[in-house]
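Trainee: Next input, structure requested:
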Amino acid sequence: MRVLNAEASCLRSLKMAMAILLLVCTGFAQAQSDDTQGNAANDPPTRVARLSYEAGDLGMMPAGSTQWTAADVNRPLTNGDKLSSGPDAKAELELGGAALRINSQTDVGVLNLTDQTGQFELTQGTLNITVRNIYQGATYEIDTPTLALVINQPGSFRVDVPTDGSSTTVNVIDGEGMIYGENSAQRDVYSGRSYVFADSSLSNVTVNELGGGDAFDNWCNERDSEYATEETSSAQYVSDDTVGAQDLAAYGTWEDDGDYGPIWYPGGVAVGWAPYTFGHWVWISPWGWTWVDGLPWGFAPYHYGRWAFVHGHWGWRPGPPRVRPIYAPALVAFAGLGRGGPVGWFPLGPHDIYNPWYHASRNYYTNVNATNIGIHPGFTQDMLFNNIHSQYGFYQSGRTPPGLTYANRNVPHAFTAVSAQAFASARNVHTSQIHVTPQQFAAATVMTSADVQRPTPASFGQPRAVNTRPLPAAGFNRQVVAVGVPAAQVAATASFRAGMPASNVRVMGAHPGVVANSPRLITGGNYSHTATVPAATPTIPHPGNLPQVPRFESAQQVQQPPQSSRYAPPTRTEPQQSYAQPQNEAQQRYQAAERAHEYVPEQQRQQEQYRPQDSAQPHDAYRAEQQQDYRPAPYMPEQRSEPRSQPQPQSHPQSAPRSAPAPAHGNDNQH
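Mentor: Reported below is the predicted structural model:
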C-alpha cells in the first residue's frame with residue numbers, strides 16, 4: 001500500500017485551496033432575490049452535532065417527535081433534539097472543534113446550533129464541554145435553571161445541575177468564561193476554580209479551588225487525549241471542521257491517487273461492500289431523509305466529500321482541506337422503481353453534483369457542492385462552476401437534467417434498494433435489502449425531491465429496546481435562562497407537544513461583547529490535550545455567508561509542569577470581579593486573558609476581505625454561455641498493477657453500536 005508523500009500532498013492541497021479561492025472570487029455563489037426557492041433565509045443549518053459515543057441507557061427525543069427513540073452512534077443532532085441518560089450511562093457529542101459530554105442521569109437539549117453558535121440546555125445532571133478551537137465571534141453557551149455559561153475561547157468546563165434544579169456548579173478546568181444571570185448580572189470565571197451559584201442573581205456564590213476529578217472527569221480527559229492524537233493524523237487531508245474526521249486514520253489508510261489526489265480507503269470491510277449499505281435512514285428536519293451509518297467511522301465519509309471506485313475498491317475523496325465544509329444529510333442520488341415500489345440509491349462520485357431533496361437557495365446549493373468536491377488537475381474550478389450552474393435551474397424547477405450521468409451508477413454493488421416501508425421505518429438496510437434485477441436497475445430513474453418517500457411516525461428513529469427505563473418528560477419543562485435566542489424550530493417543537501409551554505427558555509437582557517474587531521480562528525494550546533499546536537496554514541474563505549478566517553497558533557508555547565490531575569489549579573490568583581460588569585469592559589477582559597497566557601495569538605496575517613453573499617442583492621449574472629448540460633464522462637476503471645490487500649469478508653458488520661470507544665489501532669473490525 002503506497003504511502004502519501006507529505007510534501008507533495010501539502011503542495012497539492014495549497015493548489016486546491018487557491019483554486020477554491022479563485023472560484024470564490026469569480027462570484028459563483030450568487031443568490032436570486034426574484035424567486036422564492038432562492039431565498040437563503042430558509043436554508044438548513046450548515047453544521048450538526050454527531051453522537052460520537054454512547055454507553056449505557058441513552059434515549060433521544062428528536063425534534064418534531066413526541067416519542068423517545070434509540071440514540072444511535074453517528075446520529076446527527078440539531079435544533080430541538082434532546083438526550084436523556086440513565087444510571088451508569090455516558091455520551092459524547094462531537095461538534096467540530098469541540099466536544100460535549102454528558103454523565104449519567106443527565107437531560108440535555110440542543111437549542112441553537114449554527115456556524116457561529118452552539119447553544120445547549122442542561123436541565124439536570126452533569127455536562128462537560130471542551131472547546132479545542134473556535135472562530136472569533138462564535139460562542140458556545142450552556143443554559144441551566146440558574147445561569148447561562150458563555151464560552152468564546154478554547155477551554156474545558158464542567159457544569160452540574162442537581163435533580164431539583166436549585167443551583168448550578170461550574171468547574172473551569174481550562175480557559176475562561178462568562179456567567180450571565182438576572183438583571184444583567186454577569187461574572188467572569190477562571191481556570192482552576194469551582195463556582196457554585198445558588199440563584200440567578202449570581203450574588204449567592206461559593207468559590208473554591210478545583211480538587212481531584214471523579215470517574216466522569218477521567219473519562220473526559222481520556223477522550224480529549226484521544227482527539228488530540230487522532231485529529232492530527234488526517235489534518236493534512238481533511239478540513240478541521242469536518243465532523244468525524246478524527247476516526248479516519250484509525251479505521252483506514254490514506255493513499256495518493258494520480259487522478260483524484262488523496263483518497264481514504266476503509267479497512268476491514270467485506271468483499272462486495274459498498275457505501276450506504278450498513279445503517280438506516282431517518283427523517284431529521286429540516287433536511288429530511290438522513291443516513292445514519294452503523295460502522296464506527298461512518299460519519300465524515302457520508303456527510304462530506306464524495307466516494308470513488310478506484311481500481312476495484314471504494315475510497316472516500318474529501319473536499320478542499322482548507323475550506324470549511326457544509327454538512328449534507330447524505331450524498332447520494334435516489335432512484336425509484338415505480339410508484340409505491342422499492343426505494344434505491346447510490347453514492348455520488350467525485351464530480352457529481354448533489355441535488356438536495358429539501359429547500360436550497362442558489363447560494364446554499366453552490367456551497368454544499370463546492371466545499372465537498374475536490375479540485376485536481378483533471379477537474380478545474382471552471383468545470384465545477386459550470387456543472388453547479390447548469391444543474392441548479394433544473395433543481396429549482398423540480399426536474400432532472402436531460403442526459404445526466406453519474407460516475408457510480410453502474411459500479412458493482414453501488415446500487416442499494418429496500419422496500420418503501422423499510423425505508424420509511426428506519427429499518428436496518430443490510431437486513432432489509434432487496435435484490436434488484438438488471439432490468440429493474442436499468443429502468444430505475446433518478447428521483448426529484450418530490451418523488452422521494454414521505455415520512456411516517458416511525459421515520460424519526462429506531463425504537464428503543466424493550467424493558468428500558470421510562471424516560472423523562474417533566475425534566476425538559478424546567479425553565480432555563482439564556483443569553484442567546486434559541487432557534488425558531490425549538491419553540492415550534494415545544495409548542496407542538498401537548499402540555500408543554502411554547503418555550504422553556506427565558507432569554508436574559510445581557511449580550512456578550514465582541515473581544516476583537518476582525519474574525520479569526522483561535523486554537524487552544526495551553527492545556528495538555530492540545531499541547532502540540534499545528535503550524536499555521538493559509539486559509540481560504542468558503543463561499544457561504546460566513547467567510548473562513550485565518551488560523552492562529554500560539555505565539556509562544558506555554559509549557560505546563562507535570563500534574564497528578566488535570567484539575568491542579570494554576571498559581572495565579574483570581575482577579576477581583578464585579579457581579580455586573582459593564583459591557584465596555586469586554587476588551588479589558590480579553591487583554592487580561594492574553595496577559596495570563598490563556599492564549600497568545602500571533603500577529604494576524606493580512607487577508608483579503610470578501611463581502612458575504614446577500615440573497616437580496618444578487619451579484620453579477622452568470623454568463624449565458626455557461627448554461628450547458630453536465631455530462632461527465634462515464635466511469636472507466638483502470639487495472640491496478642499491484643492489487644490492494646483484501647481483508648477477510650465480514651459475515652455481518654454490527655449495526656449502529658451502542659458504544660463506540662476509541663478504536664484500537666490496527667484492528668479495523670472492532671467496533
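Trainee: Where does residue 240 sit: helix, strand or coil?
Mentor: coil (DSSP: H, G, I helix; E, B strand; the rest coil).
Trainee: was I right about it contacting residue 133?
Mentor: Yes: the criterion here is CB atoms under 8 Å, and residue 240 meets it with residue 133 at 6.9 Å. In this view, the C-beta of every residue, glycine as well, is placed from N, C-alpha and C.
Trainee: First-to-last residue distance for stretch 315-331?
Mentor: Start and end residues of stretch 315-331 are separated by 14 Å (CA to CA, to the nearest Å).
Trainee: Distance check, the residue nearest to residue 331 when sequence neighbours are not counted against residue 247.
Mentor: Leaving aside its sequence neighbours, residue 331 sits nearest to residue 348 (CB to CB, 6 or more residues apart in numbering; 4.9 Å). Per CB to CB, to the nearest Å, residue 348 is found 21 Å from residue 247.
Trainee: pretty sure residue 391 belongs to a helix, no?
Mentor: Yes: the assignment for residue 391 (three-state DSSP) places it in a helix.
Trainee: what's the burial count for it?
Mentor: When neighbours are counted by other CB atoms under 10 Å, residue 391 registers 21.
Trainee: same deal with residue 403?
Mentor: For residue 403, using other CB under 10 Å, the count is 8.
Trainee: State the helix or strand in which it lies.
Mentor: Using DSSP states H and E, residue 403 maps to neither a helix nor a strand.
Trainee: How confident was the prediction at it?
Mentor: pLDDT for residue 403: 84.
Trainee: what are the ranges of the helices in the stretch 251-400 of the chain?
Mentor: Per DSSP state H, counting those that start in this stretch, the stretch 251-400 of the chain carries helices over the ranges 300-303, 362-370, 381-396.
Trainee: Any idea which of those helices gets closest to residue 128?
Mentor: Proximity to residue 128 (CB to CB) singles out helix 300-303 among these, at 23.0 Å.
Trainee: I would like the residues contacting that closest one, please.
Mentor: 48, 76, 238, 242-245, 247-248, 264, 266, 275-276, 279, 291, 293, 307, 316, 318, 327-331 (CB atoms under 8 Å, 6 or more residues apart in numbering).
Trainee: can you tell me the helix or strand for residue 60?
Mentor: Under the assignment here (DSSP H and E), residue 60 is part of strand 58-61.
Trainee: Whatever helix or strand comes next after that strand packs against which elements?
Mentor: Next along the chain after strand 58-61, taking DSSP H and E as the criterion, comes strand 69-70. Strand 69-70 is packed against strand 58-61, with contacts defined by 3 or more CB pairs under 8 Å, 6 or more residues apart in numbering; DSSP states H and E.
Trainee: Name the residues that touch the strand it packs on?
Mentor: Here strand 58-61 makes contact (CB under 8 Å, 6+ apart) with 51, 67-71, 75, 77, 81-86, 89, 91, 461, 464, 468, 471, 476.
Trainee: lowest-pLDDT helix or strand in this protein?
Mentor: strand 551-552 (a mean of 32; mean pLDDT, DSSP states H and E).
Trainee: quick revisit: strands - which of the contacts of strand 58-61 land there?
Mentor: 51, 69-70, 77, 82-85, 91 (DSSP state E).
Trainee: Between these, identify the one with the most neighbours.
Mentor: Per-residue neighbour counts (other CB under 10 Å) across those peak at residue 84, which has 28 neighbours.
Trainee: Quick check, pLDDT for it.
Mentor: 94.
Trainee: do you know how far it is from residue 108?
Mentor: In terms of CB to CB, residue 84 sits 8 Å off from residue 108.
Trainee: Residue 314 now?
Mentor: 36 Å.
Trainee: shaky segments in the stretch 401-550 of the chain?
Mentor: Scanning the stretch 401-550 of the chain for pLDDT under 70 picks out 466-467, 472-475, 491-503, 509-521, 523-550.
Trainee: in it, which spans are helices?
Mentor: For the stretch 401-550 of the chain, the helices defined by DSSP H, counting those that start in this stretch cover 420-424, 429-432, 438-443, 488-496.
Trainee: Repeat that for the stretch 101-250 of the chain.
Mentor: 215-231, 248-251.
Trainee: Going by mean pLDDT, which of those helices comes out lowest?
Mentor: The minimum mean pLDDT among the helices of the stretch 101-250 of the chain belongs to helix 215-231 (a mean of 88).
Trainee: Quick check: buried residues in that helix?
Mentor: Of all the residues in helix 215-231, those buried under the rule 16 or more other CB atoms under 10 Å are 216-217, 219-221, 223-231.
Trainee: how about those residues in TSV, adding distance to residue 412?
Mentor: TSV is the format used below for the buried residues of helix 215-231 (distance: CB to CB, whole Å):
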residue	distance to residue 412
216	47
217	49
219	43
220	44
221	45
223	39
224	42
225	41
226	36
227	36
228	39
229	36
230	32
231	34
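Trainee: For the biggest strand by length in the chain, name the packing helices and strands.
Mentor: As assigned by DSSP E, the longest strand anywhere in the chain is strand 117-131. Where contact means 3+ CB pairs under 8 Å, 6+ apart, strand 117-131 is packed against strand 98-102, strand 107-113, strand 139-143, strand 155-161, helix 215-231, strand 480-482.
Trainee: So which of those is nearest residue 176?
Mentor: Closest to residue 176 of the helices and strands packed on strand 117-131, according to CB to CB: strand 155-161, at 6.4 Å.
Trainee: residues contacting residue 327?
Mentor: Here residue 327 is in contact with 45-48, 76, 243, 303-304 (criterion: CB under 8 Å, 6+ apart).
Trainee: how close does the residue nearest to residue 165 when sequence neighbours are not counted sit to residue 212?
Mentor: Distances taken as CB to CB, 6+ apart place residue 145 nearest to residue 165, at 4.0 Å, with adjacent residues excluded. The spacing between residue 145 and residue 212, counted by CB to CB, is 27 Å.
Trainee: more crowded one of these two?
Mentor: residue 145 (23 against 11).
Trainee: pretty sure that one contacts residue 164?
Mentor: No: Residue 145 is not in contact with residue 164 according to CB under 8 Å; the separation is 9.1 Å.
Trainee: can you count the residues close to residue 367?
Mentor: 29.
Trainee: Which residues does the closest residue to residue 129 other than its chain neighbours form beta bridges with?
Mentor: Using CB to CB, 6+ apart and skipping residues adjacent in sequence, the residue nearest residue 129 is residue 100, 4.8 Å away. Residue 100 has these beta-bridge partners by DSSP bridges: residue 93, residue 129.
Trainee: So residue 100 is in contact with residue 49, correct?
Mentor: Yes: look at residue 100 against residue 49 with CB under 8 Å: they come within range, at 7.3 Å.
Trainee: what's the overlap in contacts for these two?
Mentor: 93, 118.
Trainee: give me the number of residues near residue 76?
Mentor: 22.
Trainee: Who does it form a beta bridge with?
Mentor: residue 50.
Trainee: residues touching it, list them.
Mentor: Neighbours of residue 76 in contact, by CB under 8 Å, 6+ apart: 48-51, 284, 290, 292, 303, 327, 329.
Trainee: just for the stretch 201-350 of the chain, where's the confidence low?
Mentor: Looking at the stretch 201-350 of the chain by pLDDT under 70, you get 230-232, 338.
Trainee: repeat that with 90
Mentor: 211-213, 225-236, 239-240, 246, 258-259, 271-272, 311, 321-323, 336-342 (pLDDT under 90).
Trainee: could you pull out the strands for it?
Mentor: Along the stretch 201-350 of the chain, counting by DSSP state E, counting those that start in this stretch, strands occupy 205-209, 252-257, 261-266, 279-284, 288-293, 306-310, 313-317, 332-336, 343-347.
Trainee: wait, residue 122 sits on residue 105?
Mentor: No: contact criterion CB under 8 Å: residue 122 and residue 105 do not qualify, at 11.9 Å.
Trainee: Neighbour count: those two, which is higher?
Mentor: Neighbour count, other CB under 10 Å: between residue 122 and residue 105, residue 122 has more, with 26 against 17.
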